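Colleague: sequence and predicted model, in that order:
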Amino acid sequence: MADADEQAKFPGFDVTKPSIARTYDYLLGGKDNFAVDRAFGDKFIKDLPGSLDIPRDNRGVLIRAIQEIVSTTPVRQFIDLGSGLPSADNVHQVAQRFDPEAKVVYVDNDPIVLAHGRALLAENSSTVVIQADLREPKGIYDQLVADRLIDFTQPVAVIFSATLHHVNDDEDPAGLVRFWHDRIVPGSHVFISHFRSENDPRSQELEQVLQASLGRGRWRTDDEILALFGEGFTIQPPGLVPAAHWRNPQPPDDLGDYQRLIAAALAVKD
């Protein structure tokens with residue numbers, strides 16, 4: 001239920017419906033969220049014990065993927081689609097630790113992300129936040145070109161960190177990846193982390209919670225996740241694996257039940 005004080009304090013925001021970005025912030029211990037987001041997050045915390053492994057593992061694999069790209073490839077430009085609210089070790093922090101000139105563009109459709117991100121990054125000339133919906137890639141691309149935020153004649157890393165599972169099948173998530181494939185040069189990277197269905201009760205229960213509260217959400221099998229990349233990419237070792245295992249120097253000996261439900265892969269454009 002929306003908090004009347006929150007609505008009065010934040011008149012420009014819809015505090016009646018949970019936001020993916022704000023709920024994720026809450027699950028990671030952040031403070032940029034509303035009562036409705038905390039109520040949604042509590043469904044995972046209280047009703048699905050162990051499910052917090054999913055956002056934690058996803059944050060860990062994102063950090064490792066950015067480290068891998070910036071330390072082993074010439075890529076110095078990153079587009080983080082559906083970036084969510086800033087937390088510890090964001091893409092720009094990880095990339096710019098290695099190269100302070102690395103460029104990062106965060107894209108999210110939640111206005112609180114825009115407000116918070118711009119305040120945080122006011123003095124970082126190599127990092128910007130734009131408000132847009134990742135399901136409308138042409139508008140994003142046109143703005144990146146018009147504002148000279150990204151040089152598409154040079155390699156780019158496009159990040160879909162825990163976002164494409166919020167895109168329903170009829171919204172053509174593979175088409176979104178293909179759009180960016182067609183605009184980035186060979187040697188560019190695409191990273192995808194995604195809710196992973198094993199066609200079991202755990203996957204189905206989580207999917208039902210997501211759909212009931214947000215009206216969207218699609219767990220996908222390994223084959224379906226890999227199909228999102230389409231043709232023209234080479235999946236990098238170790239392939240699509242649970243996020244906790246992806247290039248983790250200290251992988252867990254045994255995966256928890258929920259750790260099996262978030263997977264990640266990194267691909268290079270041929």
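Modeller: Thanks, I have the structure now.
Colleague: now do the contacts for I45.
Modeller: L27, S51, L52 (Cβ atoms under 8 Å, 6 or more residues apart in numbering). Heads up, the C-betas are built off the backbone N, CA and C, glycines and all.
Colleague: where in the stretch 51-200 of the chain is pLDDT low?
Modeller: Residue ranges of the stretch 51-200 of the chain with pLDDT under 70: 86-88.
Colleague: that one: helices as residue ranges?
Modeller: 53-72, 91-98, 111-120, 137-146, 173-181 (DSSP state H, counting those that start in this stretch).
Colleague: thought A95 was touching V104?
Modeller: Yes: counting by Cβ atoms under 8 Å, A95 does reach V104; the two are 6.1 Å apart.
Colleague: between those two, which contacts overlap?
Modeller: With Cβ under 8 Å, 6+ apart as the test, A95 and V104 both reach F78.
Colleague: average pLDDT for the helix or strand containing A263?
Modeller: Element membership for A263 (DSSP states H and E) is strand 262-269. When pLDDT is averaged over strand 262-269, the result is 97.
Colleague: got the CA coordinates for that strand in PDB?
Modeller: In PDB, the C-alpha atoms belonging to strand 262-269 read as follows (Å, rounded to 0.1, in the frame of the first residue of the first chain):
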ATOM      1  CA  ILE A 262      20.200 -16.700 -12.300                       C
ATOM      2  CA  ALA A 263      22.600 -17.400 -15.200                       C
ATOM      3  CA  ALA A 264      25.000 -15.200 -17.200                       C
ATOM      4  CA  ALA A 265      26.900 -15.200 -20.500                       C
ATOM      5  CA  LEU A 266      29.300 -12.900 -22.300                       C
ATOM      6  CA  ALA A 267      29.500 -12.800 -26.100                       C
ATOM      7  CA  VAL A 268      31.600 -11.000 -28.700                       C
ATOM      8  CA  LYS A 269      30.400  -9.700 -32.000                       C
END
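Colleague: and it, what does it pack onto?
Modeller: helix 53-72, strand 189-195, helix 222-229, strand 233-235, strand 241-242 (3 or more Cβ pairs under 8 Å, 6 or more residues apart in numbering; DSSP states H and E).
Colleague: again, only this time at 10 Å
Modeller: helix 53-72, strand 157-161, helix 173-181, strand 189-195, helix 222-229, strand 233-235, strand 241-242 (3 or more Cβ pairs under 10 Å, 6 or more residues apart in numbering; DSSP states H and E).
Colleague: got the contact list for the residue nearest to F195 when sequence neighbours are not counted?
Modeller: Once flanking residues are discounted, F195 sits nearest to H165: 4.1 Å by Cβ to Cβ, 6 or more residues apart in numbering. The contact partners of H165, by Cβ atoms under 10 Å, 6 or more residues apart in numbering, come to 173, 192-197, 207, 210, 216-220, 225, 228, 262.
Colleague: if any of these are buried, put those into a ChimeraX selection.
Modeller: A single ChimeraX command is used to select the members of the contacts of H165 judged buried by 16 or more other Cβ atoms under 10 Å:
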select :173,192,193,194,195,196,197,207,210,217,218,219,220,225,228,262
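Colleague: next one: the spatially most central residue of the chain from Y106, what distance?
Modeller: Centroid check for the chain by Cα atoms, centre = their mean gives S161 as the closest residue, at 2.5 Å. In this structure, S161 and Y106 are 11 Å apart, going by Cβ to Cβ, to the nearest Å.
Colleague: identify the residue nearest G41 in space, chain neighbours excluded?
Modeller: Y26 (4.4 Å).
Colleague: done for today, thanks.
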